[in-house]
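In: Here is a sequence together with a model predicted from it:
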Amino acid sequence: MSHDRITLDAQALFERGYQSYASGDHREAVECFTRAIRLRPDVAAAYRYRALAYLELGQRTDALNDLDQAVRRNPDDPVVLADRARLLFRQKAYQAAIADCNRVLALDAGLAPIYGLRGECFAAHGDTERALADFAQAIAMDPEHAADYLLARANLYLEYDQYEQCIADCTAVLERDPENALAYQTRGLAYRELQQRDAAETDFSAAIRYNPNLAVAWLARATVRLAARQYAEAAADCDAALNRAPQLVKAFEVRGTCRLHLRDYDGALRDYSEAIRLAPQSPIGFNLRAGVHYLRREYRAAIQDHLEALKRDPKNAGTFNQLGWIWSTTPDPDIRNGRQAKECATRACELTEWQEPSYLDTLAAACAECGDFTEAVRWQKKAAELAPNEAQSEYLQRVALYESGKPYRSLPGSSGLVNKP
């Protein structure tokens, strides 16, 4: 077959492949481009478009291989380099993506979207200063698409606790695009961190209104409603989040806590157990489930869950504190263990530099369980000194109890609290 004939056949296959790609038949597109490449393996465009078709099919490795081939054949094509940079970013290969962005900008310094992409790479890689510089450059160069860069910068500000700057950028996005659900969601998260819960709930509701499929917005509003003790409403928001993202661990944790406050202990146990199943290496689900066992006076199960949590986070002061509290104050003499209680309570205090009053309170209870009432009184007075006003009365009552030579016994569930006061 002549060279001209091969070229014509390859061109025809390429055009068929492009038409299939444009019409959404990505498998047919891959087949056509593959046949074109067999005839003309030197044509970079065929590799590029096959890569784009592979991406639509979710075959990222094949797509990256094809983009590598396209770059080898045309190393000075900023379009192919930009395609590869975007894919590398999605693959979390940030350094390689940055290198491709640098090559693109060396070829054409006027491509504002590449500054935005490189900014996202820098942000993900932890280079905040360069990320902010790139976002600012993209915003200045491309006002038409500034909302995209402002939102990316807002998320970076949110990640680094710069909440006022995050709010300002989200507000600027919403001035340009009043129905941008992601901007409402991000601004709501910043308001929540600033304890401006009404503003946060308003923004999360707006995000849900403009995009009901945003599972994070439903969950975020649930956390605000949980903080406001609107337990039924928060649980309903978790239901909506899980309908959209069935493996959203935090939604099970939050809904479990709502159910716990509604005294649906069986429901809370199911939710916490599912959270543990989905994230077995996290200590959070175990500690939360332990709290339900404790309220149901299933002390051994509570202790076992706390111990599982400690295996996953051996420096968690709260877990040590809860174990110390159970072993020193439970009414069940078969469960109490003064020595272990004192060891755990002491470790909790060490980890918090002896400044957490509730942990000192636990240490005092452990000392009392061990029969050392002098130390119990000393630590209880220290706890009362550091305690907020609303807890001082209860703490001082325990001072009197220890001065009379009596240990403290806690009856779980009588106050409606999962953890110790």
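Out: Okay, I see it. Numbering: from 1, shown residues only.

In: in the stretch 301-421 of the chain, what spans have low per-residue confidence?
Out: The model of the stretch 301-421 of the chain has pLDDT under 70 over residues 413-421.

In: repeat for the chain
Out: Scanning the chain for pLDDT under 70 picks out 1-8, 413-421.

In: Find the centremost residue of it, please.
Out: Residue closest to the mean C-alpha point of the chain, counted by CA atoms, centre = their mean, is Lys250 at 8.4 Å.

In: Look up phi and psi at that one.
Out: phi -60, psi -30 (degrees, to the nearest 10).

In: Do I have it right that it meets Ala222?
Out: No - taking contacts as CB atoms under 8 Å, Lys250 lies outside contact range of Ala222: 9.1 Å. Bear in mind the C-beta positions are built from the backbone N, C-alpha and C, glycine included.

In: so what's the residue nearest to the centre of the chain closest to, chain neighbours aside?
Out: Once flanking residues are discounted, Lys250 sits nearest to Leu219: 6.0 Å by CB to CB, 6 or more residues apart in numbering.

In: repeat for Thr352
Out: Once flanking residues are discounted, Thr352 sits nearest to Ala317: 5.1 Å by CB to CB, 6+ apart.

In: what's the answer for Asn287, then?
Out: Ala309 (4.7 Å).

In: Now name the helix or strand holding that neighbour.
Out: helix 299-312 (DSSP states H and E).

In: ok so, going back, from Thr329, how far out is the residue nearest to Thr352?
Out: With distances taken as CB to CB, to the nearest Å, Ala317 is found 18 Å from Thr329.

In: One more: Ile98?
Out: 55 Å.

In: could you pull out the helices for the stretch 151-300 of the chain?
Out: Along the stretch 151-300 of the chain, the stretches classed as helices by DSSP state H, counting those that start in this stretch are 163-176, 181-193, 197-210, 215-227, 231-244, 249-261, 265-278, 283-295, 299-312.

In: that older thread, list the contacts of the residue nearest to Thr352.
Out: 347-348, 351-352, 356, 359 (CB atoms under 8 Å, 6 or more residues apart in numbering).

In: And for Tyr54?
Out: 26, 30, 60, 62-63, 66.

In: In a markdown table, list these along with secondary structure, distance to Leu81 and neighbour count.
Out: Formatted as a markdown table, the contacts of Tyr54 follow (DSSP: H, G, I helix; E, B strand; the rest coil; distance: CB to CB, whole Å; neighbours: other CB atoms under 10 Å):
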| residue | secondary structure | distance to Leu81 | neighbour count |
| --- | --- | --- | --- |
| His26 | helix | 23 | 20 |
| Val30 | helix | 22 | 24 |
| Arg60 | helix | 17 | 14 |
| Asp62 | helix | 19 | 16 |
| Ala63 | helix | 14 | 25 |
| Asp66 | helix | 14 | 29 |
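
In: of all those, which comes closest to Arg40?
Out: Distance to Arg40, by CB to CB, is smallest for Asp66 among the contacts of Tyr54, at 14.4 Å.

In: so who does that closest one touch?
Out: Asp66 touches 47-48, 50-51, 54, counting by CB under 8 Å, 6+ apart.

In: Next: Val224.
Out: By CB under 8 Å, 6+ apart, the neighbours of Val224 are 192, 197, 200-201, 204.

In: Apply 10 Å and report the result again.
Out: By CB atoms under 10 Å, 6 or more residues apart in numbering, the contact set of Val224 is 188, 191-192, 196-205, 230, 233-234, 237.

In: ok and whichever helix or strand comes after the helix holding Ala309 relative to helix 299-312, angle-wise?
Out: Proceeding N to C from helix 299-312, the next assigned helix or strand is helix 317-329, under DSSP H and E. Direction vectors for helix 317-329 and helix 299-312, defined by axes from the mean of the first three to the mean of the last three CA atoms, to 10 degrees, enclose an angle of 150 degrees.
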